[in-house]
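J.: take this sequence and fold it.
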Amino acid sequence: MVLSPTDAAQLAAVDTARAARVLREVRSARLAGQRVPVAPREVIERSWERALRSGVDPEHGHRSGLLSAEEVRRRRESSELRHVLPVLREELLAAADAAHLIMAVADAEGRLLWREGSPPVLRRADALGFEVGADWSEEVVGTNGVGTPAVVRRPVQVFASEHFARSQASWTCTGAPISDPRDGRLLGVVDVSGPLETAHPATLAWVGSVAKLAEARLRERHTASLERLRAVAAVPLARLEGRAAVVDRDGWTAAATGMPYVTRVALPKSLEAGRRWLPQLGVCAVEPLAEGWLLRASERPAAADGTRIVLDLTRRRSWSVAVSGAVDTWRHELSPRHAELLCLLALRRDGLSAAELAAEVFGDVGRTVTVRAEMSRVRRYLGGLLDHRPYRFCEDAEVELLLPAAPDGLLPHSTAPALAELRTGSGAR
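T.: Numbers count the residues shown, from 1 in each chain. Prediction:
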């Protein structure tokens, strides 16, 4: 009998052993380049392709060294996820323990920072290398419930031989990304895993809803912090003339005077007091204020003339855009999606419409709403340095694009058709 991917997923809920056999045949045939009895789910097949490009061993995977106890402690203390651990434990841990599952929380790099749950399952996970400090990013161990949700940025359940590495085929893993509600930046992934017999289709919705609840708690924390800063800002802003704003350490605006209110002002990664240049405001006097900054803008508007923009895509998983103005240099780390969009705009200086960007990034001209939303976020930190209709870097700015030495190192996890052509050497570089 020929099954569809949906049939296979339904089969796992009623006949775990048979579904595991089917998926084992699918994985073996696909990796051998043979016809498959049932096509793998699209999210799984694309993950397998990425794992192959990353050189993951499908038989054994790869174990990187564990983080030291000191580094794990440092990452825990600096992670925003520490604020939502009580939520994750309350909503997941009791049920997970009863169902012979474990809960793991990883940072954005795929490093496991917390791991709790059923003791017998924890011992089995140790043998697999699923332990605190381990790297479970997709490019290291292949398709799994931690690394794959981090790449696709949505909840994913990985059952049996849907795992890329054969050593993980006796497990079922369900993970959901947790993003910073302030800027959409990936904070990490929460995962619920266990032996194959613990598989249940409802787990995907369960873990996904808990991840959304965690994001809601983070949003509440941020709103409360801005309200405290707004109260502090009231007196100094009342005494000032001209354009000024009070923002938190991440640039979120608590209050403003003499200027249109903007939700967020893009700040350099390491801002210091003094005379600074910011893309959205131009030259500013920057002063510390409580847990944020007082920005007093010059009356001269920000100018693009003489501005140099360097888009650096040379480092794996660490992409950035740097802007050099007349007074200061400003640098911003890029998400994978923003790195894709800015790379295409740097290559196509004449500009691209929303439909053209949708075709280049998604292979679908109908994804214009997604493109416009992402470009709106990009413009928050590049301001007037980006034009629209079409989207392009402004003509007065000098733009330099730094690419990896090897073409296949260009945003290797990107599925954008235009970038896939560049990686294979079939596109214009």
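J.: may I see the buried residues of stretch 214-234?
T.: Within stretch 214-234, the residues that count as buried by 16 or more other Cβ atoms under 10 Å are 214-215, 218, 222, 225-226, 229-230, 232-233. C-beta: built from backbone N, CA, C; applies to glycine.
J.: just these now: which is nearest A322?
T.: H222 (26.7 Å; Cβ to Cβ).
J.: give the contact list for L226.
T.: Each residue near L226 by Cβ atoms under 8 Å, 6 or more residues apart in numbering is listed here: 248, 252, 254.
J.: same question for Q280.
T.: The neighbourhood of Q280, defined by Cβ under 8 Å, 6+ apart, consists of 262, 265-266, 302, 380-381, 383-384.
J.: what lies in contact with the helix or strand harbouring A17?
T.: Using DSSP states H and E, A17 sits in helix 16-31. Here helix 16-31 makes contact (Cβ under 8 Å, 6+ apart) with 3, 8, 11-12, 35-40, 45, 48, 58, 159-162, 166, 169, 196-197, 199.
J.: in that helix, what's buried?
T.: Neighbour counts over helix 16-31 (16+ other Cβ under 10 Å) mark 16, 19-20, 22-23, 26-27, 30 as buried.
J.: farthest pair in these?
T.: Every pair of the buried residues of helix 16-31 checked by Cβ to Cβ; the farthest is T16 and R30, at 20.9 Å.
J.: Three-state assignment for R154, please.
T.: coil (DSSP: H, G, I helix; E, B strand; the rest coil).
J.: about what we covered before: in helices, which of the buried residues of stretch 214-234 fall?
T.: Counting by DSSP state H, the buried residues of stretch 214-234 place 214-215, 218, 222, 225-226, 229-230, 232-233 in helices.
J.: helices of the stretch 51-200 of the chain, residue ranges please.
T.: Under the criterion DSSP state H, counting those that start in this stretch, helices of the stretch 51-200 of the chain are mapped to 69-78, 85-88, 94-98, 119-128, 138-141, 147-152.
J.: do you know the pLDDT at the closest residue to G409 other than its chain neighbours?
T.: Among residues not flanking G409 along the chain, R316 sits closest, at 6.9 Å (Cβ to Cβ, 6 or more residues apart in numbering). Residue-level confidence at R316 comes out at 75, pLDDT.
J.: would you turn the buried residues of helix 16-31 into CSV with distance to A134 and pLDDT?
T.: Below are the buried residues of helix 16-31 laid out as CSV (distance: Cβ to Cβ, whole Å; pLDDT from 0 to 100):
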residue, distance to A134, pLDDT
T16, 26, 71
A19, 27, 75
A20, 24, 77
V22, 29, 80
L23, 24, 82
V26, 27, 82
R27, 23, 84
R30, 26, 81
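J.: and the most centrally placed residue in the chain, what's its pLDDT?
T.: Nearest residue to the geometric centre of the chain (Cα atoms, centre = their mean): L186, 3.7 Å. Here, the pLDDT recorded for L186 equals 93.
J.: just V14 next, same as before
T.: We note a pLDDT of 52 for V14 in this prediction.
J.: surely A165 touches G142?
T.: Yes - if you go by Cβ atoms under 8 Å, A165 and G142 touch, sitting 4.9 Å apart.
J.: so between these two, which is more surrounded?
T.: Between A165 and G142, counting by other Cβ atoms under 10 Å, G142 is the more crowded of the two (28 against 21).
J.: check contacts around L419.
T.: So L419 contacts 340, 343-344, 410-411, 427 (Cβ under 8 Å, 6+ apart).
J.: how much space separates the residue nearest to G409 from A238?
T.: 48 Å (Cβ to Cβ, to the nearest Å).
J.: again with G194
T.: 58 Å.
J.: and the two? which has more neighbours close in?
T.: Using other Cβ under 10 Å, the more surrounded residue of G194 and A238 is G194, with 23 against 9.
J.: now do the same contact list for that one.
T.: 96, 99-102, 118, 121, 171-172.
J.: now the buried members of the residues you listed.
T.: Buried subset of the contacts of G194 (neighbour count, 16+ other Cβ under 10 Å): 96, 101-102, 118, 121, 171-172.
J.: can I get those residues in TSV including distance to L67?
T.: As requested, the buried ones among the contacts of G194 are exported to TSV (distance: Cβ to Cβ, whole Å):
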residue	distance to L67
A96	24
L101	24
I102	19
S118	24
V121	22
W171	22
T172	26
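J.: the helix or strand hosting A256 pairs with which strands, and in what direction?
T.: Secondary structure assignment for A256, by DSSP H and E: strand 253-257. When pairs are called by DSSP bridges, strand 253-257 turns out to pair with strand 244-248 (antiparallel).
J.: now what about the strand it pairs with, what contacts it?
T.: Residues outside strand 244-248 that contact it (Cβ under 8 Å, 6+ apart): 225-226, 229-230, 232-233, 236-237, 253-259, 262, 264-265, 267, 281, 289, 291-297.
J.: PyMOL command for the buried members of these?
T.: Selection of buried members from the contacts of strand 244-248 for PyMOL, criterion 16+ other Cβ under 10 Å:
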select buried, resi 225+226+229+230+232+233+236+237+253+254+255+256+257+262+264+265+267+281+289+292+293+294+295+296+297
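J.: cool, thanks, signing off.
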